[in-house]
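Undergrad: Quick one, structure for this:
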Amino acid sequence: MSARDVSPPAHARPGQRSDEDDRTRRLLRWVFARKDLDEVRGNPDKVLALIDEFSETERMMTVGQAKGKYVLDLINEVKPGTMIELGCFVGYSAILFGDACRRNGGQRYLSLELNPEWAAVANMLVELAGLRSFVTILVGRSDVTLDKLYRTGDVKKIELLFIDHYKPAYLTDLRLLEHHGLIQPGSVLAADNVLHPGNPPYLEYVRSTVEEKREAAKKGPSKGYNVEGMRDRAVNSFMPEGDVPFLETVGNPNLVYQSELRQPEGHRDAIEVTRCVGVQEA
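TA: The predicted structure is shown next:
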């Protein structure tokens, strides 16, 4: 593994986030202008209902209730002490899943978000939902933040990970976690948007056998993101042009995964649920 010199990715290419930025600001103004705000305060379900209502007329990049149910089922099963998500946006998933983790006896929910403006909006909505003491939003690159969580000893194992951030980073971040030994038997991953906009490299990896991953690892670390089969918008959004992963690693091809697609009826997108079930020695 090697580290690259990475300049702070302040913004994506001009115009690519403007629509989402405008919508987040409109959402915040709409929520906090409501006359029934006091009835909403401290109630995660009511905050989520407001975001869902806003989403009926303004497209929002949230997981939604239909796909979110699959992750809620995993929370009820795994009962993670610490749950981590990659990609916070306005805090919808942090509120939905953070509340479920808290009710299942969890200790904390860590949400990683690159965009500081979105993180600020999310913090306000998380606080409105009464979850500020449970949900922590960490601003910065996902790979850099995950590396720091490992090196400080703050996270020693991935119990349950929700992945919903920069699509080309799904695979590189997973390999980083594997390299650091944070993916262990019992770790569960839930990846959103694997069908729409789609993430063929991630799906191929988590569905591959150990032998197939070992063969691919012989080529050495990737020099960038694998974007094969991805839409241009997914590749070109949210990160600066020419961005590369902060760390180069092949991960741990010896990990054995069982992976399955969970798709709500009538939906074009789905959640890929991946479980680490063992380690196959060379």
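
Undergrad: Report all helices and strands that the helix or strand encompassing Thr145 contacts.
TA: Here Thr145 sits within helix 142-151, counting by DSSP states H and E. Packing partners of helix 142-151 (3 or more CB pairs under 8 Å, 6 or more residues apart in numbering; DSSP states H and E): strand 108-113, helix 169-179. Yep, even glycine has a C-beta here, placed from its N, CA and C like the rest.

Undergrad: again, only using 6 Å
TA: On a contact count with 3 or more CB pairs under 6 Å, 6 or more residues apart in numbering; DSSP states H and E, helix 142-151 meets helix 169-179.

Undergrad: and the next element down the chain from the helix it packs on?
TA: As assigned by DSSP H and E, the chain's next helix or strand after helix 169-179 is strand 188-191.

Undergrad: Give me the next element, helix or strand, following that following strand.
TA: Using DSSP H and E, the helix or strand that follows strand 188-191 in sequence is helix 200-206.

Undergrad: Tell me the buried residues in that next one?
TA: Buried residues in helix 200-206, counted by 16 or more other CB atoms under 10 Å: 201-206.

Undergrad: and which of those is nearest Val227?
TA: Within these, the smallest distance to Val227 is 7.4 Å, found for Pro201 (CB to CB).

Undergrad: what about the closest one, distance to Glu58?
TA: 31 Å (CB to CB, to the nearest Å).

Undergrad: now do Leu146
TA: Distance from Leu146 to Glu58, counting by CB to CB: 31 Å.

Undergrad: Please say which of these two ends up with more neighbours.
TA: A count of neighbours by other CB atoms under 10 Å puts Leu146 above the other of Leu146 and Glu58, at 26 against 15.

Undergrad: Distance check, the more buried one against Lys218.
TA: Using CB to CB, we find Leu146 at a distance of 25 Å from Lys218.

Undergrad: For the residue lying closest to Leu189 once chain neighbours are set aside, the count of nearby residues, please.
TA: With sequence-adjacent residues excluded and distances taken as CB to CB, 6 or more residues apart in numbering, Leu189 is closest to Thr274, at 4.3 Å. Thr274: 24 surrounding residues under other CB under 10 Å.
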